[in-house]
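K.L.:
with the sequence up front, the predicted model follows.
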Amino acid sequence: MIGVIRKNFQEAVVEDHVLDSLIASNRIIAFHRSNVWAVVGRDAVRERNTYHTGEERRKIVHGKDFCMK
């Protein structure tokens, strides 16, 4: 759950998967992250449709490199 400040200056708590759509639809002023408030339009926020071009590190590795502890 993430704390947000709506356009009417009321605080609310939303599920984290909703945050992207609230930012994209310009329905919030700020959201709480890492003990500080991030202000939409001033601070760096999540970007939509960005793609990672580096090596994929989250894939499941099969075979001799796979080690289960």
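P.N.:
Alright, I've got the coordinates. These numbers were taken from a predicted model, which means no experiment stands behind them. Residues are numbered from 1 along each chain as shown.
K.L.:
from here on, just use CA atoms for contacts and neighbour counts.
P.N.:
OK.
K.L.:
now the helix or strand bottoming out on mean pLDDT in the chain: buried residues?
P.N.:
The helix or strand of the chain with the poorest confidence is helix 19-24; it has a mean of 89 (mean pLDDT, DSSP states H and E). For helix 19-24, burial by neighbour count (16 or more other C-alpha atoms under 10 Å) applies to 19, 22-23.
K.L.:
next: stretch 24-38.
P.N.:
Using 16+ other C-alpha under 10 Å as the test for burial, stretch 24-38 gives 27-31, 38.
K.L.:
okay if I get the residues you listed as TSV plus distance to residue 15?
P.N.:
Below are the buried residues of stretch 24-38 laid out as TSV (distance: C-alpha to C-alpha, whole Å):
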residue	distance to residue 15
27	15
28	14
29	16
30	15
31	12
38	16
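K.L.:
would you list the buried residues of helix 19-24 in CSV and tack on distance to residue 9?
P.N.:
Formatted as CSV, those follow (distance: C-alpha to C-alpha, whole Å):
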residue, distance to residue 9
19, 16
22, 14
23, 15
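K.L.:
quick check: the gap between residue 30 and residue 14.
P.N.:
12 Å (C-alpha to C-alpha, to the nearest Å).
K.L.:
any shared contact partners between these two?
P.N.:
Residues touching both residue 30 and residue 14 by C-alpha atoms under 8 Å, 6 or more residues apart in numbering: residue 4.
K.L.:
you'd agree residue 9 is in a strand?
P.N.:
No: counting by DSSP: H, G, I helix; E, B strand; the rest coil, residue 9 is not part of a strand but coil.
K.L.:
what's the closest non-adjacent residue to it?
P.N.:
What sits nearest to residue 9 in space, not counting adjacent residues and going by C-alpha to C-alpha, 6 or more residues apart in numbering, is residue 29, at 7.8 Å.
K.L.:
that neighbour: what's it in contact with?
P.N.:
Per C-alpha under 8 Å, 6+ apart, neighbours of residue 29: 4-7, 9, 39-40.
K.L.:
repeat that with 6 Å
P.N.:
Taking C-alpha atoms under 6 Å, 6 or more residues apart in numbering, we find residue 29 in contact with 5-7, 40.
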